[in-house]
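> Following is a predicted model, sequence given first.
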Amino acid sequence: ILNVEQSPQSLHVQEGDSTNFTCSFPSSNFYALHWYRWETAKSPEALFVMTLNGDEKKKGRISATLNTKEGYSYLYIKGSQPEDSATYLCASTAAGNTGKLIFGQGTTLQVKP
Amino acid sequence: DVKVTQSSRYLVKRTGEKVFLECVQDMDHENMFWYRQDPGLGLRLIYFSYDVKMKEKGDIPEGYSVSREKKERFSLILESASTNQTSMYLCASSHRGQGHQPQHFGDGTRLSIL
């Protein structure tokens, strides 16, 4: 994988459903994986930065895992709420890249009340 | 909280005009970035700067230039605007590092070139 790829591109769920998205990234020379949430009319907001294989991070009902050997990360949302509706972006960076991120195209989540 | 401020939320310019997009951050970050976001393509890096007067091309620098005369300010310049530069432009900043520092974003400028 040369680029960062996210799936699905969009997702519609009912309030209370749990959901997850996938981010695939180049595993060679990997340094860090970022997740951002981008709500409409706001700026993207950092959720997590993970660097180590097996990392798991949690923020309220949102959690993320990292597998650097196979090059994927999952973002989980437990009990989705309408305020979780947003585009979720992941981005990876390789060692020596001085902070440059390669972004995926995002997963847009719509939570229906 | 980190504040990244972009000069305009919406901007309409004409083909051939020279366009300046300004970005200011208040957290003494070394790194600053300019991205554009187009439907289905995600954020694409135009230019970034890791120090005053330092700049590096990103993935899509053609038709753009940048200026960083002061640490807190990073300007994106469209030398001669064209319709294919109609897009959402996002500025971001972060502390120096190899990529484990989160980026902090401005609200974006939606630029239309007529």
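Everything's here; your move. Residues are numbered from 1 along each chain as shown, chains lettered A, B, ... in the order given.

> Ignoring the adjacent residues along the chain, who's closest to the residue of chain B found nearest chain A?
Scanning chain B for proximity to chain A using CB to the nearest CB identifies residue B:99 as nearest, at 3.1 Å. Any C-beta I mention is one placed from the backbone N, CA and C, and that applies to glycine too. Once flanking residues are discounted, residue B:99 sits nearest to residue A:93: 3.1 Å by CB to CB, 6 or more residues apart in numbering or on different chains.

> So what touches the helix or strand where the one you found lies?
Element membership for residue A:93 (DSSP states H and E) is strand A:86-94. Identification of contacts with strand A:86-94 by CB atoms under 8 Å, 6 or more residues apart in numbering or on different chains yields A:4, A:6, A:21, A:23, A:25-26, A:28-40, A:44, A:47, A:73, A:75, A:99-104, A:106-109, B:42-43, B:98-99.

> and residue A:83, helix, strand or coil?
helix (DSSP: H, G, I helix; E, B strand; the rest coil).

> So for it, what's the pLDDT?
For residue A:83, the model assigns a pLDDT of 95.

> what's the neighbour count on it?
8 (other CB atoms under 10 Å in any protein chain shown).

> residues contacting it?
Counting by CB under 8 Å, 6+ apart, the residues that residue A:83 touches are residue A:111.

> For the residue nearest to residue B:99, the count of nearby residues, please.
26.

> beta partners for it?
Beta bridges link residue A:93 to residue A:32, judged by DSSP bridges.

> Residue B:89 too?
Beta-bridge partners, per DSSP bridges, of residue B:89: residue B:36, residue B:109.

> now the one 4 residues further on
Under DSSP bridges, the beta-bridge partners of residue B:93 are residue B:32, residue B:104.
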